[in-house]
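Visitor: here is a sequence with its predicted model. Questions after.
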Amino acid sequence: MDRQGLQGCSEGAGAGTSGRIGSTELAEVLDDAAGRLLERHPEQSKEWFPHELVPWELGERCGAGQTPPPPVDPLPEGVRSALFVNLLTEDNLPHYFAALADAFRSCSALGEWSRRWAAEEQRHAIVLRDWICVTRHLDLVKLERARMRQLTSGFDPGVRAGGLLDGVVYLALQELATRVSHWNTGRLLDPVGAGVMKRISADENRHHLFYRELVSAALAVDPSSTVEAIDRQVTAFEMPGTTIEDFSRHARAIAAAGIYDLRLHHDQVLKPLVVTQWRLDDIAALDAVADRSRDHLFGRMERLRRVVERLDPPTTERSDPPAS
């Protein structure tokens, strides 16, 4: 990515000052922004019910205590891997919520948001599991054993636990990546399955927008600290499901199916956020440390772009999710 080629963008957020503020003041800024975003979130959200999306009639082929028959038309390996990883990731909600509860004060707007977010996220695991149970696209015994291993093994947030700012930057990236993954999985399913994934990805998009705007608010008051956090999170980014057993094998299958890979990560996550939304290249007044972080970030994105260019072109037709 050529930084000079981005100079034509309009003035970016936070371009006015490089002054850093304290963590308490930053938390207050983010909480004020969260309060404003919370006011509009219910209006933008669509109430939906998991049970209405599940074709329950398919479950009539198996009674209680019986082993469900395999599906008539098994899904390709990459699609099954995506469903497996996506569901187990959604299942790990208790650990994610605990991490947010540590970072967001319970009586704050951020605390209120974390509870709303958790309630909405839990629906994703509910509808995915119910749909998988009646369609039997995955081995239900293996799935339950994997769920038990995943939840009992705990969750290490790693660099994501670097503070409130690092947390919201990571969540803005991760929610967008999850939205892309769910959307592309749905494209490879039947109309009912596609409807399930479309509903989930719509939720993930609203969650992404919430965290994206929190980062924009942080850039406006403390661009230097925020740019450093973005650099850290982009550099160390990984999806929360990396601890799932055989994750590397599943990730390769998911990439081969065109659901999520390096090309999509660069083109539909990093570039839209770092360049288009946060416009980091337009921030004029960073201190020296943050300016080096920005150079490091753009250097990393440029290397990733070159890697992507050398990759084989997609083997399946791709369509972008609706614009955020």
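Guide: Perfect, I can see it now.

Visitor: helices along the stretch 201-324 of the chain, start to end?
Guide: 223-235, 247-256, 262-265, 288-310 (DSSP state H, counting those that start in this stretch).

Visitor: which of these sits most buried?
Guide: helix 223-235 (a mean of 24; mean count of other CB atoms under 10 Å). To be clear about C-beta, it is placed using only N, CA and C from the backbone, and glycine gets the same treatment.

Visitor: any figure for the gap between residue 42 and residue 252?
Guide: The gap separating residue 42 from residue 252 is 40 Å, by CB to CB, to the nearest Å.

Visitor: and residue 154, by the same measure?
Guide: Distance from residue 154 to residue 252, by CB to CB: 25 Å.

Visitor: please apply the same query to residue 20.
Guide: From residue 20 to residue 252 the distance is 42 Å (CB to CB).

Visitor: ditto for residue 221
Guide: 42 Å.

Visitor: now swap in residue 93 and tell me
Guide: 26 Å.

Visitor: for residue 189, same thing?
Guide: On the measure of CB to CB, residue 189 and residue 252 end up 20 Å apart.

Visitor: centre of the chain to stretch 215-233, how far?
Guide: 18 Å (CA atoms, centre = their mean, to the nearest Å).

Visitor: measure it end to end?
Guide: One end of stretch 215-233 to the other measures 12 Å (CA to CA, to the nearest Å).

Visitor: and what of stretch 181-196?
Guide: 13 Å.

Visitor: buried set for that stretch?
Guide: By neighbour count on 16 or more other CB atoms under 10 Å, the buried set for stretch 181-196 is 181, 182, 183, 184, 185, 186, 187, 188, 189, 193, 195, 196.

Visitor: farthest pair within the residues you listed?
Guide: Greatest spacing in the buried residues of stretch 181-196, by CB to CB: 181 and 195 (16.7 Å).

Visitor: which is the next helix or strand following the helix or strand harbouring residue 117?
Guide: Per DSSP states H and E: residue 117 is located in helix 109-135. Using DSSP H and E, the helix or strand that directly follows helix 109-135 along the chain is helix 140-152.

Visitor: quick check, distance from that next one to the centre of its chain.
Guide: Counting by CA atoms, centre = their mean, helix 140-152 comes out at 22 Å from the chain centroid.

Visitor: quick one: it to helix 109-135, angle?
Guide: 160 degrees (axes from the mean of the first three to the mean of the last three CA atoms, to 10 degrees).

Visitor: pLDDT of helix 140-152, averaged?
Guide: Helix 140-152 shows a mean pLDDT of 92.

Visitor: list of residues touching that helix?
Guide: By CB atoms under 8 Å, 6 or more residues apart in numbering, the surrounding residues in contact with helix 140-152 are 68, 84, 87-88, 91-92, 94-95, 132-133, 243-245.

Visitor: what angle separates the strand or helix carrying residue 200 from helix 223-235?
Guide: Secondary structure assignment for residue 200, by DSSP H and E: helix 191-221. Here helix 191-221 runs at an angle of 150 degrees relative to helix 223-235 (the same axes, to 10 degrees).

Visitor: which residues does the residue sitting nearest the centre point of the chain contact?
Guide: By CA atoms, centre = their mean, the chain has its centre lying nearest to residue 175, at 2.2 Å. Residue 175 makes contacts with 204, 205, 207, 208, 211, as judged by CB under 8 Å, 6+ apart.

Visitor: distance check, it against residue 117.
Guide: For residue 175, the distance to residue 117 - CB to CB - is 9 Å.

Visitor: same question, residue 92
Guide: Distance from residue 92 to residue 117, by CB to CB: 14 Å.

Visitor: what's the overlap in contacts for residue 175 and residue 117?
Guide: In contact with both residue 175 and residue 117: residue 207, using CB under 8 Å, 6+ apart.

Visitor: can you list the buried residues in the helix holding residue 117?
Guide: 109-114, 116-117, 120-125, 127-135.
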